[in-house]
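how does the following fold in three dimensions:
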Amino acid sequence: MTVIANRYDFVLLFDVAKGNPNGDPDAGNLPRLDPETNHGLVSDVSLKRKVRNYVELAKAGVEGHHIYVEEGAILNEKHRQAYKALRPGAAKVEKEPKLNPKDDAEAKAIRDFMCGNFFDVRTFGAVMSTGINAGQVRGPVQMTFANSVEPIMPQEISITRMAATNEAEKKQRAEGSEAGNERVDNRTMGRKYIVPYALYRAHGFISAKLAERTGFSEADLDLLFEALGAMFEHDHSAARGEMATRKLVIFKHGNAMGNAPAHALFDRVAIGRNIDGQFRAIDRNIDNYPPARAFSDYTVTINRDNLPDGVEVIERC
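A predicted model of the protein is given here:
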């Protein structure tokens, strides 16, 4: 497969309606927030997880598209696969709790094995020096945290449960109901946090030079963009019932090193409020308008004037 020869930068826009896009375990699963601005956050780790999950579904069993970071996986056993492939007949590979490359050549071969077999290793990179040492790989694809375009106001929703956990609880409820004791009859309570609506923006970077080291190919690039566009379609849950990628704006450079700074290209993608069909910049005056409740409440513009030589804009979704 052909390794990519061009640098890419991209802007990813996705939204959530009545859901929790990325709960914070340190805050009782409250949607992640920037405490100074109240803008919502979604971690890069969360976005990469969704890409991994999509690839795992779309390419299940396809050689070279295994996923390294899987739920419940034992990473050292995946490292061991490389040693077993490169040291055939070595009995101690099966049981040795710690393994290290014999020399630089074997270290490179082990890293190449991991990159060749695991899509997420050759895409995002990985630290694989835990016990059974498979080295470290710096991936060509990196992503930022996603920020909501406007401040969000998470809502706490209380929920109740109709069923009882066991016979004793059922009996306790019945006795409490007969006695008119509301406290005893009170059903198990729970809470969910939702964001009524928010549009999020994340930035991504794809280095052709780092791709040369991991073997990240044109086919991998197409699969990555496919995953970014469809990753929420297979991630629906009670907490994330309505999430969708709304736009993927890709800046393709004419060479491996790039033709312009990424930040200058990102500045060309502007998001404003759609007020009576007119673009309105998001600033303090936006408080005078009703809260956004749909993607149609926003307008996305891309400034294509005087693009740097060699830079091409590609829109997807």
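
what's the top strand by length along the chain packed up against?
Longest among the strand segments of the chain by residue count, using DSSP state E, is strand 189-206. In terms of contacts (3 or more C-beta pairs under 8 Å, 6 or more residues apart in numbering; DSSP states H and E), strand 189-206 is packed against strand 8-19, strand 30-31, strand 39-42, strand 141-143, strand 146-151, strand 155-160, helix 218-230, helix 262-266. Quick note: C-beta positions are derived from backbone N, CA and C, even for glycine.

state the mean pLDDT of the helix or strand following it.
Tracing the chain past strand 189-206, the next element assigned as helix or strand by DSSP states H and E is helix 208-214. Averaging pLDDT along helix 208-214 gives 98.

contacts for helix 208-214, please.
Contacts to helix 208-214, defined as C-beta atoms under 8 Å, 6 or more residues apart in numbering, come from residues 3-7, 115, 121-123, 125, 137-140, 216-217, 255-257.

which of those residues fall in strands?
Per DSSP E, the contacts of helix 208-214 map to strands at 125, 137-138.

phi, psi of the closest residue to Glu218 other than its chain neighbours?
Once flanking residues are discounted, Glu218 sits nearest to Thr2: 5.1 Å by C-beta to C-beta, 6 or more residues apart in numbering. Dihedral pair for Thr2: phi -80, psi 130, per degrees, to the nearest 10.

with respect to Asp276, which of the helices and strands packed on strand 189-206 lies nearest?
strand 146-151 (18.3 Å; C-beta to C-beta).

which strands and helices sit next to that closest one?
Short answer (3+ C-beta pairs under 8 Å, 6+ apart): strand 146-151 packs on strand 39-42, strand 189-206.

what comes up buried for it?
146-150 (16 or more other C-beta atoms under 10 Å).

highest neighbour count among the ones in strands among the contacts of helix 208-214?
Neighbour counts for these (other C-beta atoms under 10 Å) peak at Val137, which has 23 neighbours.

pLDDT at it, what is it?
Val137 is given a pLDDT of 97.

what separation do you get for the closest residue to it other than its chain neighbours and Phe251?
Leaving out its chain neighbours, the residue that sits closest to Val137 by C-beta to C-beta, 6+ apart is Gly125, at 4.6 Å. Gly125 sits 22 Å away from Phe251, going by C-beta to C-beta, to the nearest Å.

check Glu312 too.
Glu312 sits 7 Å away from Phe251, going by C-beta to C-beta.

who has more neighbours out of the two?
When Glu312 and Phe251 are compared on other C-beta under 10 Å, the one with more neighbours turns out to be Phe251, at 26 against 13.

nothing else from me, thank you.
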